[in-house]
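J.: Here is my input, please return the structure:
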Amino acid sequence: MSRRAARWIRFTVLGLVQCALFAGASGGAQRYWPPDTFAVLCYHDVRDEFAERPRNYTVETAQLAQQFAWLHAHGYHVVSLNDVVAARREQRALPDRAVLISFDDGLESVFTRAFPLLEAYRYPALVGLVGSWLEQPAAGDSTVRYGDENLPRDDFLSKAQIREMQRSGLIEFGSHTFRLHDGIPANPQGNLEPAATARRFDAARGGYEDTGAYAARIRSDIDKSSADVAELTGVRPRVVIWPFGARNRTTDRIAAEFSMPFGLTLELGLNTPDIPLSRMRRILITHDFTTADLARVLEEAPRSAPLRVMQVDLDFVYDDDPVVQEANLSALLDRVKAMGVNTVFLQAFADPKGTGTAAALYFPNRRLPLRADLFNRTAWQLRTRTGVAVYAWMPLIAFDLPPADPAHAHWVAPSDASRRDKVQRLSPFDPLVREAIRDIYEDLSTYAQFQGLLFSDDATLNELEDASAPAIDAYEQWGLPRGVAAIRADPRLAAEWSRRKIAYLTRFSVELANLVAADHDGLRTARSLFAGVVGDAGAEQRLGQSLGNALPAYDYVALLAMPFLEEKRDHADRWLAELAGKVAAEPDGLAKTVFELQSVDWARGNQPISGAVIAAEIDVLRRSGALNFGYYPDDFHNGRPALDAIRPALSLESFPGNDR
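T.: Down below sits the predicted model:
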């Protein structure tokens, strides 16, 4: 860019500030930001000539100038990473409504179009450099593979431009990695997933890279990237801007080894003081992002759209014939897209006989047989092809470990053997069991991409359970008698026993969720509960579940609002309305409860329930104040429940007013 053009940008900034001052305001009351809270804006390319189909992450120069002017006019303070670090070290407080600006990919437009604006405002910014792209020769016909395009090397920053921005004191350069801005094969089916977090699948040998090989690959990349940024700028980087926002515990640890403890992701939201600086959230700015959008994300409290859920058995997708299996997956994708839901609870364990106990899994793991490496493939396709959030639906304790496993058959034991629960579950009080289950969840986290966890309805300990030796030891530590009979003989002790068991299961599930969340930013959680426990203390004791305990612990409770299952078929509408009323009496009850309806009458020979009946039930619940709905199971092979009957009741497009 010529000096004349740069002066023109600086001159027009003053006019844009004036426009922003009179244009408006945000459209609503500004929300309160806690002290030392900051937002991070994520930009990429800045251009004035858009092709017919502009890149989604490209903004126009005037658009960028308007957004900077809006920030200036509305009292936002653009800060540097130094300011953020000083605030965390309690050296000085951040200014109110602090904003950090970042640019990914190291494109030349950061220098030619964004940098003059940053200079005009004296706004500091972070810029991420991709080593393998900048390594290309700067002359001749050299190109860089950028997404689906081949761009001239001249479209990226030169060393001279980098050094000029460095000398300004406004720009800090970070690593955008050396060669992790790519997708790598992450399953046998060949899905390309972020290279920083995916385990590479080697089709030639039919296996994944192991933990050591994965860590070595990441370490080599970060080492090279750090050295390259140091060579280009004269300064070792201290921040990693993770491509696609993909990071995990391993990448964070390795980055810290190379003196890069700060990391930027693409998880949406503000950075409150409890958010680690190794995983800073960012607001991704796209080509259609207006100042009104900027106002919305910065000044309005975040609102989550109500959940519209299909719960899907991966057993219905699986087939011994890979061709048939792929056809099944395609049918599922078409079905989900047509249904208009925003969430899929996707089975990650195999249970073809419907026992409720997992004897195999759909992801590689250390503890159970692999029925098929199918969960990650399906979850990735659902997310990228239909846009839904995928929750990994998993048992909490219902795992049938192989005979060679140290925790094999360490079952929950009833005090009355004649009343054994039909679902076999492992005792969560047994240390060997907890270790096995933690391994399973850690492997799920390692080998799959997903957005949430759904803990199944196996998470129960009824009025006779658990009488195993580890459980009895735990009760003694709680100050209770060692025998189940002695506990049950005293109503006060029985109530305390029930409360502690409920809390124990919840704590264990939250521990597992935290384990997974360390590798999955923004992970959401849900827990399946039987509707019978709602508003019934006696049922809570009989089943070992509590809505009041679950609501604060998870993002959602998936309440099995199934009148046929609960033998309420003759007055289903009244029962559903009463159920919604009881849920409404709990703090955040309606906001955090997904009313999950049944599409099969299991008590009558697995007879399908019509879509019209389910739609009518949704209508009853909606009129009773319910916000979140789902159903189980979906029979995408036979189109049940019928799309034309249930979609109008379920889809958010039909009831946009519920987004509140």
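J.: For the closest residue to residue 518 other than its chain neighbours, the count of nearby residues, please.
T.: Once flanking residues are discounted, residue 518 sits nearest to residue 249: 5.0 Å by C-beta to C-beta, 6 or more residues apart in numbering. C-beta: built from backbone N, CA, C; applies to glycine. Per other C-beta atoms under 10 Å, the neighbour tally for residue 249 reads 12.
J.: Show me what the longest helix seen in the chain is packed up against.
T.: Counting by DSSP state H, the longest helix found in the chain is helix 491-517. Applying 3 or more C-beta pairs under 8 Å, 6 or more residues apart in numbering; DSSP states H and E, one finds that helix 491-517 contacts helix 431-447, strand 452-455, helix 484-489, strand 524-530, helix 537-543, helix 547-553.
J.: okay, the angle between the longest one and helix 491-517?
T.: Meaning helix 431-447. Following axes from the mean of the first three to the mean of the last three C-alpha atoms, to 10 degrees, one obtains 30 degrees for the angle between helix 431-447 and helix 491-517.
J.: buried sites along helix 431-447?
T.: 432-434, 436-437, 439-447 (16 or more other C-beta atoms under 10 Å).
J.: what mean pLDDT does it have?
T.: Helix 431-447 shows a mean pLDDT of 98.
J.: Pull it out as PDB, backbone CA atoms only.
T.: Provided in PDB are the C-alpha atoms of helix 431-447 (Å, rounded to 0.1, in the frame of the first residue of the first chain):
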ATOM      1  CA  PRO A 431     -11.100 -47.700  42.900                       C
ATOM      2  CA  LEU A 432     -10.400 -50.200  40.200                       C
ATOM      3  CA  VAL A 433     -13.700 -49.500  38.600                       C
ATOM      4  CA  ARG A 434     -13.200 -45.700  38.700                       C
ATOM      5  CA  GLU A 435      -9.800 -46.100  37.100                       C
ATOM      6  CA  ALA A 436     -11.200 -48.200  34.300                       C
ATOM      7  CA  ILE A 437     -14.000 -45.700  33.600                       C
ATOM      8  CA  ARG A 438     -11.600 -42.800  33.700                       C
ATOM      9  CA  ASP A 439      -9.500 -44.600  31.100                       C
ATOM     10  CA  ILE A 440     -12.600 -45.100  28.900                       C
ATOM     11  CA  TYR A 441     -13.600 -41.400  29.100                       C
ATOM     12  CA  GLU A 442     -10.000 -40.300  28.500                       C
ATOM     13  CA  ASP A 443      -9.900 -42.400  25.300                       C
ATOM     14  CA  LEU A 444     -13.200 -41.000  24.200                       C
ATOM     15  CA  SER A 445     -11.700 -37.600  24.600                       C
ATOM     16  CA  THR A 446      -8.500 -38.500  22.700                       C
ATOM     17  CA  TYR A 447     -10.100 -40.200  19.700                       C
END
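J.: what does that helix contact?
T.: 199, 208, 348, 361, 363-368, 373, 375-376, 392, 394, 396-397, 399, 401, 405-407, 410, 426-428, 470, 508, 511-512, 515-516, 518-520 (C-beta atoms under 8 Å, 6 or more residues apart in numbering).
J.: in the longest helix of the chain, what counts as buried?
T.: 493-494, 497-498, 500-502, 504-506, 508-510, 512-513, 516-517.
J.: and the gap between the closest residue to residue 473 other than its chain neighbours and residue 468?
T.: Once flanking residues are discounted, residue 473 sits nearest to residue 429: 7.3 Å by C-beta to C-beta, 6+ apart. Counting by C-beta to C-beta, to the nearest Å, the gap from residue 429 to residue 468 is 7 Å.
J.: now swap in residue 191 and tell me
T.: As judged by C-beta to C-beta, residue 191 and residue 468 stand 41 Å apart.
J.: same thing with residue 496?
T.: For residue 496 relative to residue 468 (C-beta to C-beta), the value is 19 Å.
J.: cool, residue 311 as well?
T.: In terms of C-beta to C-beta, residue 311 sits 31 Å off from residue 468.
J.: Which ChimeraX command selects the buried ones in the contacts of helix 431-447?
T.: To isolate the buried ones among the contacts of helix 431-447 in ChimeraX, judged by 16+ other C-beta under 10 Å, type:
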select :199,208,348,361,363,364,365,367,368,373,375,376,392,394,396,397,399,401,405,407,410,426,427,428,470,508,512,516,518,519,520
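J.: Of the contacts of helix 431-447, which belong to strands?
T.: Those of the contacts of helix 431-447 mapping onto strands are 208, 361, 392, 394, per DSSP state E.
J.: Isn't the second one up against residue 349?
T.: Meaning residue 361. Yes - with contact defined as C-beta atoms under 8 Å, residue 361 reaches residue 349; the gap is 5.3 Å.
J.: Tell me how many other residues surround the residue nearest to residue 473.
T.: 22.
J.: Just the strands from the stretch 101-250 of the chain, written as ranges.
T.: 125-129, 143-146, 149-152, 171-175, 183-185, 192-194, 201-202, 207-208, 239-241 (DSSP state E, counting those that start in this stretch).
J.: which one of those strands is the most hemmed in?
T.: strand 239-241 (a mean of 28; mean count of other C-beta atoms under 10 Å).
J.: How about residue 94, nearest residue that isn't a chain neighbour?
T.: Spatial nearest neighbour of residue 94, chain neighbours left out: residue 87 (4.4 Å); criterion: C-beta to C-beta, 6+ apart.
J.: Show me where this structure dips below the pLDDT cut-off.
T.: 1-30, 50-54, 139-140, 418, 654-660 (pLDDT under 70).
J.: Grab the most central residue of the chain for me.
T.: Per C-alpha atoms, centre = their mean, the C-alpha nearest to the average position across the chain is that of residue 451, at 3.0 Å.
J.: Isn't that residue up against residue 389?
T.: Yes - assessed by C-beta under 8 Å, residue 451 is found in contact with residue 389 at 4.2 Å.
J.: list residues touching both of these two?
T.: Listed as contacting both residue 451 and residue 389 by C-beta under 8 Å, 6+ apart are 383, 524.
J.: so what's the residue nearest to residue 473 up against?
T.: Counted by C-beta under 8 Å, 6+ apart, residue 429 has contacts 466, 468, 470, 471, 473, 474, 504.
J.: pretty sure the second one is touching residue 430, no?
T.: Yes - contact criterion C-beta under 8 Å: residue 468 and residue 430 qualify, at 6.8 Å.
J.: what residues do these two have in common as contacts?
T.: Between them, residue 468 and residue 430 share the contacting residues residue 410, judged by C-beta under 8 Å, 6+ apart.
J.: Could I get the strands of the stretch 101-250 of the chain in CSV, plus columns for distance to residue 104?
T.: As requested, the strands of the stretch 101-250 of the chain are exported to CSV (distance: least, C-beta to C-beta, whole Å):
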stretch, distance to residue 104
strand 125-129, 5
strand 143-146, 12
strand 149-152, 14
strand 171-175, 10
strand 183-185, 16
strand 192-194, 14
strand 201-202, 27
strand 207-208, 28
strand 239-241, 6
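J.: so where do the helices sit in the stretch 1-150 of the chain?
T.: 3-23, 61-73, 81-88, 109, 115-121, 131-134 (DSSP state H, counting those that start in this stretch).
J.: Summarise which helices and strands the last one is packed against.
T.: With contacts defined as 3+ C-beta pairs under 8 Å, 6+ apart, the packing partners of helix 131-134 are helix 211-233.
J.: contacting residues around the helix it packs on?
T.: With C-beta under 8 Å, 6+ apart, helix 211-233 has contacts from 129, 131, 134-135, 159, 162-163, 166, 173-180, 196, 199-200, 209, 235-237, 240, 250-251, 254-255, 257-260.
J.: CA-only coordinates of that helix in CSV, if you can.
T.: Extracted C-alpha coordinates of helix 211-233, given in CSV (Å, rounded to 0.1, in the frame of the first residue of the first chain):
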residue,chain,number,x,y,z
THR,A,211,0.8,-41.0,22.6
GLY,A,212,4.5,-40.7,22.3
ALA,A,213,4.5,-40.1,18.5
TYR,A,214,1.7,-37.6,18.8
ALA,A,215,3.5,-35.6,21.5
ALA,A,216,6.7,-35.7,19.4
ARG,A,217,4.9,-34.4,16.3
ILE,A,218,3.5,-31.5,18.3
ARG,A,219,6.8,-30.8,20.0
SER,A,220,8.7,-30.7,16.7
ASP,A,221,6.2,-28.3,15.2
ILE,A,222,6.1,-25.9,18.1
ASP,A,223,9.9,-25.9,18.4
LYS,A,224,10.2,-25.1,14.7
SER,A,225,7.5,-22.4,14.8
SER,A,226,9.1,-20.7,17.8
ALA,A,227,12.5,-20.6,16.1
ASP,A,228,11.0,-19.2,12.9
VAL,A,229,9.1,-16.4,14.6
ALA,A,230,12.3,-15.5,16.6
GLU,A,231,14.2,-15.4,13.3
LEU,A,232,11.6,-13.2,11.6
THR,A,233,11.0,-10.8,14.5
